[in-house]
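Trainee: Sharing a sequence plus its predicted fold:
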Amino acid sequence: MASVRDNQYLDHELHVALLAVQRAAILTKSVFHNHAKGTLNKSDASPVTIGDFGAQALIISALQHNFPDDEIVAEEEAKDLRGEKGQEVRETVWNLVSQTRLENKEYEETLGGSVKSADAMLDLIDKGDSQGGGKGRIWAIDPIDGTKGFLRGGQYAVCLALMIDGDVKVGVLGCPNLPISDSEPLTEGIGKDASDEEGKFGVVFAAKEGYGAVSCPLSKRGDLKMDEINMKPLENVADATFCESVEAGHSSQGDAAAIAKKLGITKPSVRMDSQAKYGSIARGAGDLYLRLPVRADYVEKIWDHAAGELIVREAGGMVTDSEGNRLNFKLGRTLKENKGVIAAPKNVHGKVIEVVKEVLGAKQ
Ligand SMILES: Nc1ncnc2c1ncn2[C@@H]1O[C@H](COP(=O)(O)O)[C@@H](O)[C@H]1OP(=O)(O)O
Ligand SMILES: [Mg+2]
């Protein structure tokens, strides 16, 4: 298979996405550490709010500079930052956005440099209002996926994906709190007291459709020392380690336990927030990701899955909903045809789906 590094197809898109995610992650890390140390300025807005707006503005700025005609589907809108009411938060976010840059000047130039003004920043945030769909080039952004994890010093991810005609072609996940080493065991997080030092934590996952998946350490320079990643071979599904949400409201932990038991799995689940779950199984730190609907009326958002889904597929896995259907990103901002997510190595995915259907079917 051609490698993600040795071809030109969507190379510039991947390069910009990797740099944009790293720059946005510098901002989210600084929001977390300043907040934890109580030094974030006067605004009493939640650090999640500040990090979300700031990261979204920085990513969209890079996309607009490089691909001005592309559409963007992003989670946040700037309404609450406008006018007098929004002034305090706006200033806090603007402070961060105007100060955050990659240390490597050439890379920073690739991203188009700083945002020009606070007003320009608001307009950039609002560029993420595309309705999505199955036509053309559309980027999907989740500036901070796993907000609960972010707040507790656990896992969260800065997520960016490019879809062309509704197919995910490029996916990048920045996971500041995952261990750099692909061989470290699955972990919930580094905790509130974690230092901001580079070297041990912080990883970026990336994939291009048809060209494999890679990881590299997250760095303030934006350096890209990428290694190919692959899912761990799993002969017997009973030997699997599976991951699921920390939040019981996002994925049924009871159903996951019943499914694991039927599959003969004895290892306890690893619970972590965000699309870090996709990255973790893609690099072989775990085997399965089970996301089982809790509420029948919840529809998953495309920005919560696009990058992770591609990264797992390109690392040799299969990703479907709980009925075994591929996730359909062509239907707008949500995955309205899919319920739940099951990601597994290809050779055991069918078996897992069989058991998922049995367990969920028995409840009806
Ligand atoms: N009832 C729900 N079922 C599934 N996912 C949900 C539900 N409510 C919120 N989410 C989303 O789950 C994602 C986090 O997933 P995880 O548990 O894997 O970390 C968030 O993007 C969150 O969206 P939102 O940010 O809109 O609240
Ligand atoms: Mg999210």
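Mentor: Alright, I've got the coordinates. Ligands and ions are numbered 1, 2, ... in the order given.
Trainee: The nearest residue to residue 351 once chain neighbours are set aside: how many residues sit nearby?
Mentor: Of all residues not flanking residue 351 in the chain, residue 237 sits nearest, at 5.5 Å (C-beta to C-beta, 6 or more residues apart in numbering). In this view, the C-beta of every residue, glycine as well, is placed from N, C-alpha and C. Burial measure for residue 237: 21 neighbouring residues, criterion other C-beta atoms under 10 Å.
Trainee: pLDDT wise, what is residue 237 at?
Mentor: Residue 237 is assigned a predicted lDDT (pLDDT) of 98.
Trainee: Over to residue 259: give its phi and psi.
Mentor: Dihedral pair for residue 259: phi -70, psi -50, per degrees, to the nearest 10.
Trainee: State the distance from the residue nearest to residue 351 to residue 142.
Mentor: 30 Å (C-beta to C-beta, to the nearest Å).
Trainee: Now do the contacts for the residue of the stretch 51-200 of the chain found nearest ligand 2.
Mentor: Proximity of the stretch 51-200 of the chain to ligand 2 (C-beta to the ion) peaks at residue 145, 3.6 Å away. Shown in contact with residue 145 (C-beta atoms under 8 Å, 6 or more residues apart in numbering): 156, 157, 158, 159, 273, 274, 275, 303, 304.
Trainee: pretty sure the first one contacts residue 146?
Mentor: If I follow you right, that is residue 156. Yes - under the contact definition of C-beta atoms under 8 Å, residue 156 touches residue 146, with a separation of 3.8 Å.
Trainee: re earlier: the contacts of residue 145: which two are farthest apart?
Mentor: Using C-beta to C-beta, the pair of these lying farthest apart is 273 and 303, separated by 15.0 Å.
Trainee: where does the chain have low pLDDT?
Mentor: Flagging of the chain using pLDDT under 70 yields the residue ranges 1-7, 35-44, 187, 189-198.
Trainee: What ranges does it have for its strands?
Mentor: 71-74, 137-145, 157-164, 167-179, 201-208, 213-217, 227-229, 242-244, 270-271, 288-291, 317-320, 341-345 (DSSP state E).
Trainee: got JSON lines for these, with distance to ligand 1 too?
Mentor: Output for the strands of the chain, formatted as JSON lines (distance: least, C-beta to the nearest ligand atom, whole Å):
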{"stretch": "strand 71-74", "distance to ligand 1": "12"}
{"stretch": "strand 137-145", "distance to ligand 1": "5"}
{"stretch": "strand 157-164", "distance to ligand 1": "9"}
{"stretch": "strand 167-179", "distance to ligand 1": "12"}
{"stretch": "strand 201-208", "distance to ligand 1": "15"}
{"stretch": "strand 213-217", "distance to ligand 1": "19"}
{"stretch": "strand 227-229", "distance to ligand 1": "20"}
{"stretch": "strand 242-244", "distance to ligand 1": "8"}
{"stretch": "strand 270-271", "distance to ligand 1": "9"}
{"stretch": "strand 288-291", "distance to ligand 1": "7"}
{"stretch": "strand 317-320", "distance to ligand 1": "14"}
{"stretch": "strand 341-345", "distance to ligand 1": "9"}
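Trainee: quick revisit: list residues touching both of residue 156 and residue 146?
Mentor: If you check residue 156 and residue 146 against C-beta under 8 Å, 6+ apart, the residues they both contact are 273, 274, 276.
Trainee: Now do the contacts for the closest residue to residue 339 other than its chain neighbours.
Mentor: Once flanking residues are discounted, residue 339 sits nearest to residue 293: 4.8 Å by C-beta to C-beta, 6+ apart. The contact partners of residue 293, taken as C-beta under 8 Å, 6+ apart, are 251, 252, 322, 339, 340.
Trainee: next one: residue 342
Mentor: By C-beta under 8 Å, 6+ apart, residue 342 lies in contact with 288-291, 319-322, 324, 349, 352-353, 356.
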